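Novice: I'll drop the sequence and a predicted model, then ask my questions.
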There are 2 protein chains.
Amino acid sequence: MDIKKELGKLKKKIDPEIEKVLNEAIDNSREEGELITGALEQVKKITLSGGKRLRPALMYWGYKGMGGKKEKDILETVVSIELIHIFLLIHDDVIDNDPQRHGIETIHHRYRKVGKRFENIGKNSQHFGNSMGIIVGDIVGAIGNQVIYKSNFSSDLIVKALKRLQSIVATVAIGEAQDIIIEYRRKSSEKEVVDMYKNKTAKYTIEGPLHLGAILGGAQEKDLKNITEFSVPIGIAFQIQDDILGIFGSEKKIGKPVGSDIREGKQTILVIKAMKNADKYQEKRLNFLMGKEDITRKEVLEFRKIITETGALEYAKKVAEDLIIEGKSKIDKMNFNEETKGYLVGVADYMTQREL
Amino acid sequence: MDIKKELGKLKKKIDPEIEKVLNEAIDNSREEGELITGALEQVKKITLSGGKRLRPALMYWGYKGMGGKKEKDILETVVSIELIHIFLLIHDDVIDNDPQRHGIETIHHRYRKVGKRFENIGKNSQHFGNSMGIIVGDIVGAIGNQVIYKSNFSSDLIVKALKRLQSIVATVAIGEAQDIIIEYRRKSSEKEVVDMYKNKTAKYTIEGPLHLGAILGGAQEKDLKNITEFSVPIGIAFQIQDDILGIFGSEKKIGKPVGSDIREGKQTILVIKAMKNADKYQEKRLNFLMGKEDITRKEVLEFRKIITETGALEYAKKVAEDLIIEGKSKIDKMNFNEETKGYLVGVADYMTQREL
């Protein structure tokens, strides 16, 4: 199972549906003024320029796995989860102050530039940009919700799915809040970090989309519970792998400069474990290097060495491996057809195969 | 019909329902950490400390007006529109940089203070506060949506209502964007301002809630169209009255210092009209006074004089009066019972009776 290839094939079916929804929103916005239309065109650019469509793919597989047959309807409906993801990313980019997403200018960043024109009247273009980011995110969230309301599934199934969808949104927003609190506060426990991973990644990226699709395919409470048992460990493992890559990965693998996570002072279970096991000197060096904006290549190597020597790397790898084994062991009892189970094994294996 | 008294009576029934939903959210959040719980407690304080509940009241009357009989169910469900309003206000307060709402500290402002604790590690507490405002707003929006999903109405009615609800959210967000664009750009046409009023106030505050309630009460397309014909002129008139009060109202009436709108340089149809009719000297003075942070009492009086002498005040009053007459003339053909029609007359009259 080459899951990357499978995701690529599905993306080719999903992207035209996303484009259709955004084109309609762009057309409808023309009477509201060119700035709104321009903002939605930027949303379309950002959305279609990248992303693996993992969430809509899992929703699709969840539906098909339950025996769902309405190919066209489900492809139209999975657009909702991707647009809700984009809405959250737009807000996330404001929060993280990121100028680009998939190499395309983020909304708030673009409107900071637009806002420059207004600076002669003493207005703050940065705040204008951030404000547009907040509002445009809200608009995209509303469009994402509308996609599911307008879908061809029965009202009973839609309402059942919606209850899940909004609890996904609330959960990921809680995870986001936990994330920035952890980032700003700096002193967190392993439990707090894992809890944040559960909310921000496991429930949002894996469990939520599978639940949505399965519900539209007729899943019952018991089926949903089995999905949770698979999703939570796999999602947490995914995030831990991400943290390992963030410290040890090459620039090519992680798509950002080596040591970015160290420079940002990111709190991960690796860092927490290393701090706990460190001797006096190692602790001093970790504190010095964490968040050091002008960290050198040599210092990155030193940081890695401490993470390794304190046993934190080995520990994190072990935790992730155990979680993946736990998650995979739950696949068998899931009420999905064999094809979907195969995809889920593929997703789980993908976590372990991501190289440094 | 003393509409303020009627609203007061209804608020006493609605507020306990709002409190119930927020208490449940607060309880559920306890395992997510005290900062999340604290944020939701602040949301509850802000929500319950003020507001007329005009939107849930209109939703309630829309339902009852169509002959709806499920008193308990509709009172539980109108909470959704109020919470969605709160979600948008939380974002609005970040955008407008307002420290208080109903005399209670706003979310982003409170978390700026919390963020102060983190400043020793070089983090920006203002950005932390704004980030929390964005995220907590998103959480409250999700809770507001959940209220309607979980309501006791049939799935068919819920889905029908939801399609309206999200188009309300998209519309008000578009109005918000138009508003800040108008504010930052400074040069707008009367049409642009009226269009923004339509999106930000008329459709959101009047039409949307009436539509939602009416749909749950079994309204058909034609009924909704009649509601629109009443709501749009009344809502725009409401906003124009607000602008007149903003320039001519006493501090007691408008709840903010005299001249605030002038100090903010707020673009209204009064200002646009005055600029158009002004002679060279008046134009120069308007430009000088608009946005003047340290405007004096004497200058406020001068500003008012120019607005009056250019005919802008008379013009705005006339436009508002004509819109109210237009809106009221549509009440008769609405498919509502007499009681609800009476409330709508009361709402329309309230617009004209707000004194300077």
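Specialist: That came in fine, so what should we check first?
Novice: which stretches of the stretch 201-350 of chain A have low pLDDT?
Specialist: Within the stretch 201-350 of chain A, the stretches with pLDDT under 70 are A:253-255.
Novice: so which residues on it come close to chain B?
Specialist: Applying CB under 8 Å from any CB of the partner chain, one finds that the stretch 201-350 of chain A approaches chain B through A:265, A:291. Heads up, the C-betas are built off the backbone N, CA and C, glycines and all.
Novice: find the nearest non-adjacent residue to the closest residue to chain B within the stretch 201-350 of chain A, please.
Specialist: Relative to chain B, the nearest point of the stretch 201-350 of chain A is residue A:291 (7.1 Å; CB to the nearest CB). The shortest distance from residue A:291 to any non-neighbouring residue, by CB to CB, 6 or more residues apart in numbering or on different chains, is to residue A:265 (3.2 Å).
Novice: so that neighbour is in which element?
Specialist: Assigned by DSSP states H and E, residue A:265 belongs to no helix or strand.
Novice: and the gap between it and residue B:68?
Specialist: 55 Å (CB to CB, to the nearest Å).
Novice: same deal with residue A:191?
Specialist: Distance of residue A:191 to residue B:68, given as CB to CB: 48 Å.
Novice: who has more neighbours out of the two?
Specialist: A direct count of neighbours by other CB atoms under 10 Å in any protein chain shown for residue A:191 and residue B:68 places residue B:68 higher, at 19 against 10.
Novice: how is chain A carved up into domains?
Specialist: Chain A breaks down into these structural domains: A:1-53+A:73-152, A:156-356 (assignment by automatic domain parsing).
Novice: stretch A:98-109 near chain B at all?
Specialist: No - shown here: stretch A:98-109 not in contact with chain B (CB under 8 Å from any CB), separated by at least 10.7 Å.
Novice: so which bits of that stretch are buried?
Specialist: Buried residues in stretch A:98-109, defined by neighbour count with 16 or more other CB atoms under 10 Å in any protein chain shown: A:101, A:104-109.
Novice: just flag the most distant two among the residues you listed.
Specialist: Of all pairs drawn from the buried residues of stretch A:98-109, the widest gap by CB to CB lies between A:104 and A:108 and measures 12.8 Å.
Novice: what number of residues lie near the residue of the stretch 201-350 of chain A closest to chain B?
Specialist: Residue A:291: 16 surrounding residues under other CB under 10 Å.
Novice: do I have it right that it meets residue A:260?
Specialist: No - contact criterion CB atoms under 8 Å: residue A:291 and residue A:260 do not qualify, at 11.6 Å.
Novice: now the strands for the stretch 51-200 of chain A?
Specialist: A:100-101, A:104-105 (DSSP state E, counting those that start in this stretch).
Novice: what's the closest non-adjacent residue to residue A:75?
Specialist: Excluding its sequence neighbours, the residue lying closest to residue A:75 (CB to CB, 6+ apart) is residue A:17, at 5.4 Å.
Novice: longest helix in chain A, please.
Specialist: Longest helix of chain A, by residue count under DSSP state H: helix A:155-185.
Novice: now do the buried residues in that helix.
Specialist: Those would be A:155, A:157-162, A:164-185, for helix A:155-185 by 16+ other CB under 10 Å.
Novice: what subset of those is also close to chain B?
Specialist: Taking CB under 8 Å from any CB as the test, chain B is in contact with A:155, A:158-159, A:162, A:166-167, A:169-170, A:173-174, A:176-178, A:180-181, A:183-185 out of the buried residues of helix A:155-185.
Novice: show the pLDDT at residue A:118.
Specialist: Residue A:118 carries a pLDDT value of 69.
Novice: go on, residue A:33?
Specialist: Residue A:33 is assigned a pLDDT of 79 by the prediction.
Novice: test my guess that it contacts residue B:182.
Specialist: No - counting by CB under 8 Å, residue A:33 stays clear of residue B:182, with 9.6 Å between them.
Novice: now do the helices in the stretch 201-350 of chain A.
Specialist: Applying DSSP state H, counting those that start in this stretch to the stretch 201-350 of chain A gives helices spanning A:208-216, A:221-248, A:251-254, A:260-263, A:269-277, A:280-289, A:297-309, A:312-329, A:338-353.
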